[in-house]
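S.K.: Mind looking at a prediction? Sequence and model below.
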Amino acid sequence: MAPKDKKAVDSMADVSPKDSGNAKGKGLKKEEIVDTLSEDDKELKERLETCVTTLVNAANEASVTTAIRNNALDVMVNELRTATASMTSVPKPLKFLRPHFALLKSCYDAIGDGDNELIELRARLSDVLAVLAMTMGKPEERESLKFKLAGVKDYALLRDRKSPSKHADDNLGSWGHEFVRSLAGEIGQEYDQRVIDGADPNQDDSFEDLLSMIDVIVPFHVSHNAESEAIDLLIEVQRLKNLLKLDTIDETNYQRICLYLIKTADYMSDPDDLSVRWCFCTRLHVYVTAMQHPFSNACFLLCRKCWKRHWKYLSLSTSTSTHYVWRCE
């Protein structure tokens, strides 16, 4: 090997692969990083940044009306919803908006009560912030849930003013399954915190805002073949009996629901736990109501635990016959 070549090899050996990677990342200027984006990505990034600038309106330009700000928010919402419908990696709109998270939060805090148009802007911005907080917020602060609940209050305010928003009914499931799953996790944490703070878990008054959201999340999970996640959420907030209120349980999913209920009950440590008893009660009720499974199977499930002191005599009538079973109190 020539001396010149040997010198080059020695100099390369002094830099470890890890250092080389860091040097490469740290050496790139912002302009160079932008240059690595495709033309479509550059266009998307610039469009979103323009929307943020218009929405924030830091210069307080009179020409930037609330309607124009709402239009800018429309673009952001559409891009985010399209990208978060099925996430296998961090969507590009979410990635491009993350650096503006703090600025958007400041903008949200600056929006006070005003006319209906301004309240709707605040409600929709809270939806966007809830999605961004899914990856940017601190877990212990539960910002995603915080912004979503704030948005629900603003939509309710618009209804009270006889000016309901057309966006109020599609501001949860339309953000995609990953967002709903993340939100359900924060709901469970918030429920536990309220119980620790003294709320009675048997009373709904202290959890009305959470339960109204659960009433949307659980049917969403069941209709998207995520029955186990729906059951887990109901057990976590001690409202498993609400599963019986669903009209989405049919011959296509009742078996999965019942099997998961029985397996979940087996893993609960306390056999006298109310959640365990509700697992068996709910499974029994679903079997009998669906009329798609031998009744003897349900009776076997009831007898296997011998919880006679926990069951009350009840008749369940169907269109063809009446079955007499025991239901958990």
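M.R.: Yes, it's here. Computed from a prediction, not measured in an experiment: that's the story for all the values here.
S.K.: who's in contact with I187?
M.R.: Applying C-beta atoms under 8 Å, 6 or more residues apart in numbering to I187 gives the contacts 145, 210, 213-214, 217, 233, 237. (C-beta placed from N, C-alpha, C; glycine too.)
S.K.: Also N253?
M.R.: Here N253 is in contact with 222, 225, 227 (criterion: C-beta under 8 Å, 6+ apart).
S.K.: What pLDDT is listed against the second one?
M.R.: What the model reports as pLDDT for N225 is 88.
S.K.: Wasn't it part of a strand?
M.R.: No: N225 is assigned coil when assessed by DSSP: H, G, I helix; E, B strand; the rest coil, not a strand.
S.K.: hang on, the earlier thing: the contacts of I187 into JSON lines, with extra columns for pLDDT, neighbour count and secondary structure?
M.R.: Formatted as JSON lines, those follow (pLDDT from 0 to 100; neighbours: other C-beta atoms under 10 Å; DSSP: H, G, I helix; E, B strand; the rest coil):
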{"residue": "L145", "pLDDT": "95", "neighbour count": "24", "secondary structure": "helix"}
{"residue": "L210", "pLDDT": "95", "neighbour count": "20", "secondary structure": "helix"}
{"residue": "M213", "pLDDT": "93", "neighbour count": "20", "secondary structure": "helix"}
{"residue": "I214", "pLDDT": "94", "neighbour count": "22", "secondary structure": "helix"}
{"residue": "I217", "pLDDT": "93", "neighbour count": "21", "secondary structure": "helix"}
{"residue": "L233", "pLDDT": "94", "neighbour count": "24", "secondary structure": "helix"}
{"residue": "V237", "pLDDT": "92", "neighbour count": "20", "secondary structure": "coil"}
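S.K.: Need those in JSON lines (columns: distance to R124).
M.R.: Putting the contacts of I187 into JSON lines (distance: C-beta to C-beta, whole Å) gives the following:
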{"residue": "L145", "distance to R124": "17"}
{"residue": "L210", "distance to R124": "22"}
{"residue": "M213", "distance to R124": "17"}
{"residue": "I214", "distance to R124": "22"}
{"residue": "I217", "distance to R124": "20"}
{"residue": "L233", "distance to R124": "26"}
{"residue": "V237", "distance to R124": "27"}
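S.K.: Same question for S63, what's its three-state structure.
M.R.: coil.
S.K.: And it, how close does it get to G151?
M.R.: 27 Å (C-beta to C-beta, to the nearest Å).
S.K.: average pLDDT across stretch 42-54?
M.R.: According to the model, stretch 42-54 has a mean pLDDT of 95.
S.K.: Tell me which residues of that stretch come out buried.
M.R.: 44-45, 47-48, 51-52, 54 (16 or more other C-beta atoms under 10 Å).
S.K.: Next: stretch 127-143.
M.R.: For stretch 127-143, by 16+ other C-beta under 10 Å, it's 127-134, 136-137, 142-143.
S.K.: For those, which two are the farthest from each other?
M.R.: V128 and R142 (17.0 Å; C-beta to C-beta).
S.K.: First-to-last residue distance for stretch 80-96?
M.R.: 10 Å (C-alpha to C-alpha, to the nearest Å).
S.K.: Begin at 13, not 1, for the rest of this chat.
M.R.: With 13 as the first residue, the last one maps to stretch 92-108.
S.K.: so who does V102 touch?
M.R.: Contacts of V102 (C-beta under 8 Å, 6+ apart): T147.
S.K.: coming back round to it: so how do I select the buried members of the contacts of N265 in PyMOL?
M.R.: In PyMOL, this line selects whichever of the contacts of N265 come out buried by 16+ other C-beta under 10 Å:
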select buried, resi 234+239
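S.K.: mind showing which ranges of this structure have poor pLDDT?
M.R.: 13-47, 96-101, 182-183, 278, 280-341 (pLDDT under 70).
S.K.: please redo it, this time with the cut-off set to 50
M.R.: Applying pLDDT under 50 to the chain picks out residues 13-16, 18-38, 40, 42-45, 284, 303-308, 310-341.
S.K.: C-terminal to the helix or strand where A162 lies, which secondary structure element comes first?
M.R.: Counting by DSSP states H and E, the element that carries A162 is helix 155-172. Per DSSP H and E, the first helix or strand lying C-terminal to helix 155-172 is helix 189-208.
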